[in-house]
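Participant: kindly return the folded structure for what I paste below:
(chains A and B)
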Amino acid sequence: MTKHPEEQLSAYLDDELTPDERREIEAHLETCASCQALLEDLAGNNDDLVQTFSLIEAPFDLEARVMQSIGAEEKRQFACNGRIVALLLGLLTLGLFYLLTGAIIGKLIHGWSKLVVTLIYASSHFILSVPALTGGTIVLSLFILVASFVSLKRLLRTSAS
Amino acid sequence: MVDEELKHIIHRAKRGDREAFADLVQRFKGHVYRYAVGMLGDRMDAEDVSQEAFIKAYYSLSSLDNEYAFSSWLLRIAGNLCKDRLKKRMNAPIQEMSEEQNGRIADQHAADPLEKLSMEEGLSRLSVGHREVLLLHEIQGYNYEEIAEMIDVPLGTVKSRLFAARINLRKELRRED
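Facilitator: Coordinates of the predicted model:
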């Protein structure tokens, strides 16, 4: 073998060669000092690497931190889902309330508006039937009209200046 | 080989048993953390990535078809997170790791030629692809075939990459000679 089978040396070290390849490498190693030295170097570095990493310990509280994050995330999702459910329930309740009481509320509003209109008619008749009250009302109306006019004029003047 | 007890724990965790998952974290945290330290060369980052990897694993455990492949699946998650972090750190995309492009990335900061490199420093000077195969083989104990499957490259690539990684590591460690 004229060439140094360096790449095969790495595979030889890992026991990833076929029996034939293995025999070939072993035969080469017997006669090649530089490949022997390289193999020793590579094996030594591997041992150092394994040794270095065997001293590295994972943080003791890693699982606690992982489980805490998962718990917090699930709580957040649960709260989010809870809020959506509450909103839907609220809307459902309002809908049901409307369905059950909608007709009654409509009738109530209608009745109240009729009553208010009737009261306005009645009060105007009452004012016209009493002369003193009619005069008083006219004077009061004129007073309100003049006061509105004066305040409006003043308002326009101040905003113009 | 994954023993039956472990398979049972993984099965329970898959069904949402948190206690079983905590047990898995406890059993595999060393593997994941050491791998992350090797890939990132930084303890703090490695802690973050390990935590992230387990959380990600928890939420995607249902997609794991084969319980026997749990550890390689977990390490693949951690490896991807490490690469994402390295990518962010470099602020430039990692190139597709072909053998030609698998050049040095970390060697930007010139070392003091008199200073003897520690194993961790030497490792950190290798390219991401070289570190990856070296760690998977030496520290995690996977064979060529398993690594080829894990990182999705042909078997021959694992062999040549591992060889190149060793030669480069040797070069880095001998620099002071």
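Participant: contacting residues around stretch B:156-170?
Facilitator: A:6-7, A:9-11, A:14, A:16, A:41-42, A:45-46, A:49, B:99, B:102, B:104, B:122-123, B:125-127, B:129-131, B:133-134, B:137, B:144, B:147-148, B:151, B:153 (Cβ atoms under 8 Å, 6 or more residues apart in numbering or on different chains). C-betas here are computed from N, CA, C, even on glycine.
Participant: what does stretch A:68-84 give?
Facilitator: B:R18, B:F21, B:Q51, B:I55, B:Y58.
Participant: which helix or strand contains A:S69?
Facilitator: helix A:62-129 (DSSP states H and E).
Participant: now do the buried residues in the helix or strand following that helix.
Facilitator: Next along the chain after helix A:62-129, taking DSSP H and E as the criterion, comes helix A:131-160. For helix A:131-160, the buried set under the neighbour-count rule, 16 or more other Cβ atoms under 10 Å in any protein chain shown, is empty.
Participant: output the longest helix belonging to chain B.
Facilitator: As assigned by DSSP state H, the longest helix anywhere in chain B is helix B:18-40.
Participant: centre of the chain to the very next helix or strand once past it, how far?
Facilitator: Later in the chain than helix B:18-40, the nearest helix or strand by DSSP H and E is helix B:43-60. The chain centroid and the centroid of helix B:43-60 are separated by 12 Å under Cα atoms, centre = their mean, to the nearest Å.
Participant: okay, helix B:43-60 in PDB with CA atoms only?
Facilitator: Output of helix B:43-60 as PDB, limited to C-alpha atoms (Å, rounded to 0.1, in the frame of the first residue of the first chain):
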ATOM      1  CA  ARG B  43     -23.200  26.800  29.300                       C
ATOM      2  CA  MET B  44     -25.900  29.400  29.500                       C
ATOM      3  CA  ASP B  45     -27.000  29.000  25.900                       C
ATOM      4  CA  ALA B  46     -26.800  25.200  26.400                       C
ATOM      5  CA  GLU B  47     -29.200  25.500  29.400                       C
ATOM      6  CA  ASP B  48     -31.700  27.600  27.400                       C
ATOM      7  CA  VAL B  49     -31.600  25.200  24.400                       C
ATOM      8  CA  SER B  50     -31.900  22.100  26.600                       C
ATOM      9  CA  GLN B  51     -35.000  23.600  28.200                       C
ATOM     10  CA  GLU B  52     -36.400  24.600  24.900                       C
ATOM     11  CA  ALA B  53     -35.800  21.200  23.400                       C
ATOM     12  CA  PHE B  54     -37.700  19.400  26.200                       C
ATOM     13  CA  ILE B  55     -40.600  21.800  26.000                       C
ATOM     14  CA  LYS B  56     -40.700  21.300  22.200                       C
ATOM     15  CA  ALA B  57     -40.500  17.600  22.700                       C
ATOM     16  CA  TYR B  58     -43.400  17.700  25.200                       C
ATOM     17  CA  TYR B  59     -45.700  19.300  22.700                       C
ATOM     18  CA  SER B  60     -44.700  17.200  19.700                       C
END
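Participant: quick one: low-confidence parts of the chain?
Facilitator: Looking at chain A here, since you left the chain open. Low-confidence regions of chain A, defined by pLDDT under 70, span residues A:1-2, A:161.
Participant: I was after chain B.
Facilitator: Short version for chain B, where the test is pLDDT under 70: B:1-2, B:92-116, B:176-177.
Participant: now the helices for it?
Facilitator: Using DSSP H, the helices of chain B run over residues B:4-14, B:18-40, B:43-60, B:70-90, B:119-124, B:128-134, B:144-151, B:155-173.
Participant: okay if I get those helices as JSON lines plus mean neighbour count?
Facilitator: Below are the helices of chain B laid out as JSON lines (neighbours: other Cβ atoms under 10 Å in any protein chain shown):
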{"stretch": "helix B:4-14", "mean neighbour count": "15"}
{"stretch": "helix B:18-40", "mean neighbour count": "21"}
{"stretch": "helix B:43-60", "mean neighbour count": "19"}
{"stretch": "helix B:70-90", "mean neighbour count": "18"}
{"stretch": "helix B:119-124", "mean neighbour count": "20"}
{"stretch": "helix B:128-134", "mean neighbour count": "24"}
{"stretch": "helix B:144-151", "mean neighbour count": "18"}
{"stretch": "helix B:155-173", "mean neighbour count": "21"}
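Participant: what angle do the longest helix of chain B and helix B:70-90 make?
Facilitator: Helix B:18-40 runs at 50 degrees relative to helix B:70-90, counting by axes from the mean of the first three to the mean of the last three Cα atoms, to 10 degrees.
Participant: is helix B:18-40 anywhere near chain A?
Facilitator: Yes. Helix B:18-40 comes into contact with chain A (Cβ under 8 Å from any Cβ of the partner chain), by way of B:R18, B:F21, B:A22, B:V25, B:Q26, B:K29, B:G30, B:V32, B:Y33, B:R34, B:V37, B:G38.
Participant: contacts only, for the third one.
Facilitator: It refers to B:A22. Counting by Cβ under 8 Å, 6+ apart, B:A22 touches A:E63, A:V66, A:M67.
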